[in-house]
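Student: Got a sequence here, can you model it:
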Amino acid sequence: MTDVAPKPNQMVTVILELRHYVRTLVTAVVLGTVGIYFLTPAIMQMLQQHLGQQLAFFTVAEPFLAHVKLAFAVTLFVLMPGIVYCLWRGLVKPFHLSETSLAWFVFGTCFLFYGGASFCYFITLPFGVDFLLGFKSTQLQPVISIDKFVIFTSVFILAFGFIFELPIFMVFIGKVGVMRRQTFERNRRYALLIISIVAALLTPTPDVVNMMLMGGPLYMLYELGIFILKLLRIP
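Tutor: Predicted coordinates for the structure are as follows:
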């Protein structure tokens, strides 16, 4: 464990070094969005079939813009390893952690991101959509905008992916000495409260079942972070 804070000149060096990676990533996101745009009709059809929804549009430009947004979201999903590498390169190097640590942080972050996104896609979203559309009746029939549908699904899938990074960042702040493992252990009750609030805000429905579908795994990930800190013998 290290408790040496990065110096300002070190941070400047890292930022200058990362400029090349950031420029490359921005270019890749733009080109990826353009390329994936031509695949979005098939992706959209897959989403509709998975969630069992028929979509509509209300302005002339809405279908085009919705497909652009979907292409952008899918590009971020595909390029997440590169984004994660830039993030950890900027966080790890100032604290003089090894390249092995960098590799493990990148691998763990990508694994948890795609695991969280998959959990949302296969479990949380279908439950949430079914619950929300359960209020329809003969007098009240849903007409779902393609633009709102894309934003809804993209935001929640990506958000679940990011939220599942919890144990990785717990290990990082423990490893660099920002917070000790005992602090995480002593504050389980507050962690549970914060996780409950986050689950209530981010799940697509306000019911207890869907909150548990997010809050339960999040708390297990919190305990996983503590367990990994113990394995690494970080106090």
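
Student: Now do the same contact list for Val209.
Tutor: With contact set as Cβ atoms under 8 Å, 6 or more residues apart in numbering, Val209 has these partners: 127, 131. Every C-beta, even on glycine, is put in place using the N, C-alpha and C of the backbone.

Student: Please read the previous query as pertaining to Phe184.
Tutor: Taking Cβ under 8 Å, 6+ apart, one finds 170, 174, 191, 222, 225-226, 229 in contact with Phe184.

Student: Turn those into JSON lines, columns for distance to Val78 and pLDDT.
Tutor: Listed next are the contacts of Phe184 as JSON lines, based on distance: Cβ to Cβ, whole Å; pLDDT from 0 to 100:
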{"residue": "Met170", "distance to Val78": "27", "pLDDT": "93"}
{"residue": "Gly174", "distance to Val78": "31", "pLDDT": "90"}
{"residue": "Ala191", "distance to Val78": "32", "pLDDT": "92"}
{"residue": "Tyr222", "distance to Val78": "28", "pLDDT": "95"}
{"residue": "Gly225", "distance to Val78": "27", "pLDDT": "93"}
{"residue": "Ile226", "distance to Val78": "32", "pLDDT": "94"}
{"residue": "Leu229", "distance to Val78": "31", "pLDDT": "92"}
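
Student: Run through the residues that contact the residue most central in space within the chain.
Tutor: Nearest residue to the geometric centre of the chain (Cα atoms, centre = their mean): Phe162, 2.2 Å. Neighbouring residues of Phe162 by Cβ under 8 Å, 6+ apart: 113, 116.

Student: ok, 6 Å please
Tutor: Shown in contact with Phe162 (Cβ atoms under 6 Å, 6 or more residues apart in numbering): no residues.

Student: and it, what element?
Tutor: In the assignment (DSSP states H and E), Phe162 maps to helix 146-163.

Student: ok, then the element right after that helix?
Tutor: Next along from helix 146-163, by DSSP H and E: helix 166-175.

Student: So for stretch 99-119, what gets flagged as buried?
Tutor: 101-102, 105-106, 108-110, 112-113, 116-117, 119 (16 or more other Cβ atoms under 10 Å).

Student: Give me the distance between that stretch and the centre of its chain.
Tutor: Stretch 99-119 sits 11 Å away from the centroid of its parent chain (Cα atoms, centre = their mean, to the nearest Å).
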